[in-house]
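J.: My questions concern the predicted model and sequence given below.
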Amino acid sequence: MSEHIKAVIIVVLSGLIWSFGPLVVKNMIDPHIYQLPYLIIRGLTVAVIIATYLIIKEQKKFILNIIEIDKVSVIGGLCLTTAMIGFIYSISNTTAAVTLFMLALMPFLASLIALVFINEKISKQNFISMIIAFIGALIMIYASAFSGSLYGLIMGFISSLGFAAFTVALRSKSDNKKFYILIYAGIFCATISCCLMIINSQEIYLPFRNILLSITHGLIVASGLILFSIGSKHLLSGELTMLSLLEVVGGIFWAWLPVLGINEIPSTNTIVGGVVICLAIAMNSYRFDKKRLQNLIR
């Protein structure tokens, strides 16, 4: 099995792990009220889990590496923080259809940012695959309500842009250094959310059920980010973000599965769109141009 196929499998697995996130949020008590406390706990959980992973992996080198803060790591961490916070505010202020539409822009945004900053070019096959995945997303949200505030739409775009920029930052770092971006992101997310709570004079309170679910979601996010970062060595930025769209497809499936308690039955458009996205990902992995990637492997 080639390194590229292994990377595809790893990143697909990360997307499937992330797809359990909406299921966790749906089981919270009034999640729209406790957004910021949830982000604080989730951010700290992500930072602790990634730090534990690196301590086991690097031991004494961890302390030296964590204090060697560089510009790319800070920017990457802030971009992922922006994606995390932006997504919560988007889904809370507009429909899921609008948020999904914004997420479908990620592969294009990531490819553009990668081209400008790290000279990473995509092939015709990659571009066609991204177009097909975008069409799949459009099919999924067809006939869905596009109501909601302009603020929600803007936050959705900011979230998409943030994750795209974070992906490019990952691609620009060496194997071990890229994981520190994830720690900074968790700390930044918790810190910024805490500052927003102070500014809004919001009480720092979460129901015990929500605390446990926030920690669980942090575990889900951290596990997916570790796999996503490992796979980033052998995949281009646009491909990484396109593969992450499986999070949406998986999330819909788990919400439908009766045994998990939500039992949301997807529409025909949703099923067809999900299949199209999966086909686009399969097409992108077929006859991949390995020579083109060799000079771009970090």
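T.: Perfect, thanks for sending it. Residues are numbered from 1 along each chain as shown.
J.: State the pLDDT value of the closest residue to residue 109 other than its chain neighbours.
T.: Of all residues not flanking residue 109 in the chain, residue 164 sits nearest, at 3.8 Å (CB to CB, 6 or more residues apart in numbering). From N, CA and C alone the C-beta is placed, and that goes for glycine too. At residue 164, the model reports a pLDDT of 92.
J.: Which other helices and strands does whichever strand or helix holds residue 164 contact?
T.: For residue 164, the element it lies in under DSSP states H and E is helix 150-172. Applying 3 or more CB pairs under 8 Å, 6 or more residues apart in numbering; DSSP states H and E, one finds that helix 150-172 contacts helix 71-93, helix 96-103, helix 106-118, helix 178-199, helix 237-243.
J.: most packed of the ones you listed?
T.: Highest mean neighbour count of the helices and strands packed on helix 150-172: helix 237-243, a mean of 30 (counted as mean count of other CB atoms under 10 Å).
J.: which SS state does residue 28 fall under?
T.: Of the three states, residue 28 takes coil under DSSP: H, G, I helix; E, B strand; the rest coil.
J.: Wait, a strand at residue 214?
T.: No. The assignment for residue 214, made by three-state DSSP, is helix rather than a strand.
J.: mind listing what it touches?
T.: By CB atoms under 8 Å, 6 or more residues apart in numbering, the contact list for residue 214 reads 28, 37, 38, 41, 42, 45, 206.
J.: so where is the stretch 51-200 of the chain shaky, pLDDT-wise?
T.: Within the stretch 51-200 of the chain, the stretches with pLDDT under 70 are 95-97, 143-149, 174-175.
J.: at 50 instead, please
T.: Counting by pLDDT under 50, the stretch 51-200 of the chain shows no low-confidence range.
J.: need the contact list for residue 46.
T.: 182, 185, 186, 189, 218, 221, 222, 225.
J.: Kindly recompute the last result at 6 Å.
T.: Counting by CB atoms under 6 Å, 6 or more residues apart in numbering, residue 46 touches 186, 218, 221, 222.
J.: and it, what element?
T.: Counting by DSSP H and E, residue 46 is part of helix 35-58.
J.: contacting residues around the next helix or strand along the chain from that helix?
T.: Later in the chain than helix 35-58, the nearest helix or strand by DSSP H and E is helix 61-67. The contact list for helix 61-67 (CB under 6 Å, 6+ apart) reads 54, 55.
J.: Dump helix 61-67 to PDB, keeping only the CA atoms.
T.: This file holds the C-alpha atoms of helix 61-67, laid out as PDB (Å, rounded to 0.1, in the frame of the first residue of the first chain):
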ATOM      1  CA  LYS A  61      12.100  17.300  24.200                       C
ATOM      2  CA  PHE A  62       8.400  18.400  24.700                       C
ATOM      3  CA  ILE A  63       9.300  21.200  27.100                       C
ATOM      4  CA  LEU A  64      11.900  22.600  24.800                       C
ATOM      5  CA  ASN A  65       9.700  22.400  21.700                       C
ATOM      6  CA  ILE A  66       6.600  23.900  23.400                       C
ATOM      7  CA  ILE A  67       8.400  27.000  24.400                       C
END
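J.: The closest residue to residue 252 other than its chain neighbours: what secondary structure?
T.: With sequence-adjacent residues excluded and distances taken as CB to CB, 6+ apart, residue 252 is closest to residue 266, at 5.2 Å. The three-state label given to residue 266 by three-state DSSP is coil.
J.: one step back: list the contacts of the residue nearest to residue 109.
T.: Residue 164 touches 106, 109, 110, 113, 241, counting by CB under 6 Å, 6+ apart.
J.: roughly how far apart are it and residue 152?
T.: From residue 164 across to residue 152, the span is 19 Å (CB to CB, to the nearest Å).
J.: and what of residue 139?
T.: 22 Å.
J.: and if you look at residue 42?
T.: Distance of residue 42 to residue 152, computed by CB to CB: 20 Å.
J.: which one of these two has more residues nearby?
T.: A count of neighbours by other CB atoms under 10 Å puts residue 42 above the other of residue 42 and residue 152, at 28 against 20.
J.: contacting residues around that one?
T.: Residue 42 neighbours (CB under 6 Å, 6+ apart): 214, 217, 218.
J.: Please work out the angle formed by the directions of the helix or strand hosting the second one and helix 71-93.
T.: In this assignment (DSSP H and E), residue 217 forms part of helix 208-231. In terms of direction (axes from the mean of the first three to the mean of the last three CA atoms, to 10 degrees), helix 208-231 departs from helix 71-93 by 140 degrees.
J.: ok so, going back, export the contacts of residue 42 as JSON lines, with columns for distance to residue 280.
T.: As requested, the contacts of residue 42 are exported to JSON lines (distance: CB to CB, whole Å):
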{"residue": "214", "distance to residue 280": "33"}
{"residue": "217", "distance to residue 280": "28"}
{"residue": "218", "distance to residue 280": "30"}
